[in-house]
Structures are given as structure tokens and as C-alpha cells.
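**Student:** missing the sequence, but the structure's below:
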């Protein structure tokens, strides 16, 4: 039985974590700007990052389904195991739903998403200002839910490391030296 | 045939003849504003966006038998611009864009109409936006019809030629220089 995640899973985890941190912060910052070339640029970057993250998350989910996660420590009570499992699927669900809601919001607001200014994504929704505003609220709500889940996820990882003193955190850390 | 039916068929025949006569000699000139559209297409960060001019007026004279004598003046009050977002609508009225406070109307005045065959025409004229007048020419298609005819086409322009988007917007990497003005004008025959 593997005690660590695969290198691919570890790389995807941290790459996506960094990507989410960056695009979440960018999303918070850009929405308060008044219209300027910088704002248009940042909005595009945010959308490109979202599409990229969506692709990475789909790949990661495929990887996760074909490469089971290492077993949780035997010391964990069943209720916590269940909670841990559920929390991870909620995280995956949010990571998929957030870029999807952003893409749909963009379509409803009448701005097509063109990945890196080159690859146009289809508009599944026709322009509809009211729907655009609702989807913006959905996109925000999903993001704050993700923020809450990430805080929980990090707190749980730290608890495992410093209180339970098990390997749940370290098995997701990149290994820099060969062992 | 009852007298009533006879009257009706005579009326129908007279009407058909009358309409056929009109179709040959008609000169179009009254704009059907509700059925007409003047919009524009621009590119921002590689994304193509469509806007509309919600207000416009046109004086047209077009006789399919004498297209060279045709003339058109189209005026677009820029306060009625719809860029696709309220934020954009406010922005483009500013001094750096259209400066609508000082230049409220964009105007096209035709100078020549050249038949290209197959109901297509090359239209030349002067386009005035933001106090700058530039010669332009563009193809248009005429679609005859009863009672209305349609003129449609695309007038490509470079926003830089008219100082539309100055200062921080003067670069074309964010908002492209090329803007297409797309028109679909529906006209009724001139009132006799």
C-alpha cells in the first residue's frame, strides 16, 4: 500500500493550489477597478487562468479516480474519515463549479471567453443581464465556499501534522531529496 | 361571377398592376427606423464584441434605375451607444473616446454610388466623428422588396483615424484599431 501520493498528484495539488490562490486574489482585486486597459487585461488573465485551472482539475480528477489516495491513518475515527472523504469531494466539486460558473457568467454578460485570446469557448448562454448578475452572485458564493473549505482543509492538515503527528500532511509535500 | 366577386378580382388586378408599376419606378427614401439597425463590431483582448447605436437617422434617395444619383446622409447621436455593458457605455462618452459633450453626432455623407452589379454598390463618402472627417468607401448590398427595400453592408474604420480612444487607450493591444460599422437600413418608397 502506498503511503504517499504519486508525484503527479502532488504536483497537480500544489500547482492548482497556487493557481487558485492567484486567480482568487486577482478576482477580488480586479472587480473594484474602474474601467481601464489594465482592468480589461486582468479580466482576460483571470478567465484564461480559470479555463487553465478547469483543464488541470479535470485531469487531476481523472488521475485521482485511476490512482487511489493513500489510506488514512488507522487511528482516525470513522466519523472523521467520512468527513475527510466528503470534504475532498466537495473541494473537487467546487473546483469544477467555480470556473464553469465564471464561464457561464461571462456568456450571460455578453463577453465571450477566448482562451489566451486565441481559442474561443462556445457561449452556452445568450446575453441576459439579469442572468449575468445572478451568475455573478453564484460565482462569488461558490468562491467564498471554497475559501471556507480551503481554511478547513489547511486546518485539518495542520492538525494532522502538529497534533496527531501522523503523515497526512507530509505525504502531500513534494520530496526534494531522493530517499 | 357575382358582381361582388367581379369587383374584387378587378380590384386585385388593379392592385397588382399598380404594385408592379411602383416596383419599377420606385424611389426609396423613407427610413423605417424600427426595422433598421446600425451596430458595430470591435475586438478587445482577442474577444469580438458587438455594440449597437440605439439612435440614428438617415436621409436616403435611391432609385434602382438610377443608382448613380443616389445619396445618403446617416447621423448617429452617440449618446445612444450600447457597447454591451453599462460601464463601457459611460466610458466611451468620455473625452478620450467620443467626447460626446463636444461632438455628440457621428455623420456619414455619401459622395458617390457605383454599381458593382448584382445589386451590389460601392459607396464613397465622408465620415465625420469627433471633429475629424475622413474619406471612406465600402460595399453595400441592395435587396429590393415591397413595400420596403434593404441596404446592408459593413463600413470598416480605424478608430485611431478619429482619435477614438486616446491616452491610455491609444494602444491597440487591448482594444483593436479596426472597428466595423455594420448597417442594415430598411427604407420605404418616398411619399409622392
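**Tutor:** Looks like it came in fine. In this text, all values refer to a predicted model and were calculated from it rather than measured experimentally.
**Student:** going forward, measure contacts between C-alpha atoms and count neighbours the same way
**Tutor:** Fine.
**Student:** residue B:59: which element?
**Tutor:** Assigned by DSSP states H and E, residue B:59 belongs to strand B:57-61.
**Student:** quick one: mean pLDDT over the helix or strand just after that strand.
**Tutor:** Going down the chain from strand B:57-61, the next helix or strand is strand B:71-77, by DSSP H and E. Strand B:71-77 carries an average pLDDT of 96.
**Student:** and strand B:71-77, what other elements does it pack with?
**Tutor:** strand B:57-61, strand B:105-117 (3 or more C-alpha pairs under 8 Å, 6 or more residues apart in numbering or on different chains; DSSP states H and E).
**Student:** between those strands, which one is nearest to chain A?
**Tutor:** Of all the helices and strands packed on strand B:71-77, strand B:105-117 sits nearest to chain A, with 23.7 Å by C-alpha to the nearest C-alpha.
**Student:** which positions in the closest one come out as buried?
**Tutor:** Across strand B:105-117, burial judged by 16 or more other C-alpha atoms under 10 Å in any protein chain shown covers B:105, B:106, B:107, B:108, B:109, B:110, B:111, B:112, B:113, B:115.
**Student:** quick one, strands of the chain?
**Tutor:** Picked chain A for this. Under the criterion DSSP state E, chain A carries strands at the ranges A:114-115, A:119-120.
**Student:** my bad, chain B
**Tutor:** According to DSSP E, the strands that chain B contains are B:28-31, B:37-44, B:47-53, B:57-61, B:71-77, B:81-82, B:105-117, B:120-129, B:132-143, B:149-158, B:178-189.
**Student:** which one of those has the poorest average confidence?
**Tutor:** Among those, strand B:28-31 carries the lowest mean pLDDT (a mean of 90).
**Student:** which other helices and strands contact that one?
**Tutor:** Strand B:28-31 packs on strand B:57-61, strand B:178-189, going by 3+ C-alpha pairs under 8 Å, 6+ apart.
**Student:** what's the most buried one of those?
**Tutor:** Each of those was scored by mean neighbour count; the highest is strand B:178-189, a mean of 20, by mean count of other C-alpha atoms under 10 Å in any protein chain shown.
**Student:** who touches that one?
**Tutor:** B:26-33, B:35-43, B:147-159 (C-alpha atoms under 8 Å, 6 or more residues apart in numbering or on different chains).
**Student:** show me just the buried residues among the residues you listed.
**Tutor:** The buried subset of the contacts of strand B:178-189 (16+ other C-alpha under 10 Å) comprises B:26-32, B:36-43, B:148-157, B:159.
**Student:** mind checking how far residue B:69 is from residue A:62?
**Tutor:** Distance from residue B:69 to residue A:62, counting by C-alpha to C-alpha, to the nearest Å: 68 Å.
**Student:** of those two, who's got more company?
**Tutor:** Just comparing residue B:69 and residue A:62: by other C-alpha atoms under 10 Å in any protein chain shown the higher neighbour count belongs to residue B:69, 14 against 11.
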